[in-house]
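Student: give me coordinates for this.
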Amino acid sequence: MDQASPAWNTTCAIWHDPNGPPAPPVTASVACRLEPDPILDHSGSILVWTHRLAVPAGTDLRDAVPGGTPPLIGVPDAAGTLFNVMFVAVANRGTAGEHKVARLRRLAPAWPSEAI
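Tutor: Residues are numbered from 1 along each chain as shown. As a prediction, this is how the structure comes out:
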């Protein structure tokens, strides 16, 4: 049985190393689904990631490269809250609902902020 793609609830912009804001994103206005998903490390004191992001399968979204700068995501789009991409996987591979899932770590916004 084929699984459906997630219901998209916002849009995002994507930057790859070495670019980041204020440079234009590599990709903008990507349909996505952002959900809170706070995961702590084994000690229970450090956030490994804060959110889960789903995007269409053809989206150029990449893992963080060891020793490199993680890709950045802006939600909603380039003027929104910024996140580092920590991990990317393919969900529902080979089905009509195939999509990518990324684990993100939110960067601290400038306060006060409504963009969270």
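Student: can you tell me the distance between the two ends of stretch 7-26?
Tutor: End-to-end distance of stretch 7-26 (CA to CA, to the nearest Å): 23 Å.
Student: which other residues reach that stretch?
Tutor: Contacting residues not belonging to stretch 7-26 are listed as 27-34, 53-55, 59-62, 65, 68-78, 80, 82 [CB atoms under 8 Å, 6 or more residues apart in numbering]. In this view, the C-beta of every residue, glycine as well, is placed from N, C-alpha and C.
Student: give the buried residues for it.
Tutor: Trp8, Thr11, Cys12, Ala13, Ile14, Trp15, His16, Pro25 (16 or more other CB atoms under 10 Å).
Student: which pLDDT value goes with the nearest residue to the last one once chain neighbours are set aside?
Tutor: In this case it means Pro25. Leaving out its chain neighbours, the residue that sits closest to Pro25 by CB to CB, 6 or more residues apart in numbering is Ala13, at 3.8 Å. pLDDT for Ala13: 96.
Student: and the helix or strand encompassing Ala13, how far out from the chain's middle?
Tutor: For Ala13, the host element (DSSP states H and E) is strand 10-15. Centroid separation for strand 10-15 versus its chain: 8 Å, with CA atoms, centre = their mean, to the nearest Å.
Student: same check on stretch 8-25?
Tutor: 10 Å.
Student: what about stretch 55-73, start to end distance?
Tutor: Start-to-end span of stretch 55-73 (CA to CA) is 11 Å.
Student: for stretch 85-101, same thing?
Tutor: Taking CA to CA, stretch 85-101 runs 10 Å from one end to the other.
Student: list of residues touching that stretch?
Tutor: 2-6, 48-49, 52-57, 59, 61-64, 70-73, 102-105.
Student: in stretch 59-78, what's buried?
Tutor: Neighbour-count burial for stretch 59-78, counted by 16+ other CB under 10 Å, picks out Thr59, Leu61, Ala64, Pro70, Pro71, Leu72, Ile73, Gly74, Val75, Pro76, Ala78.
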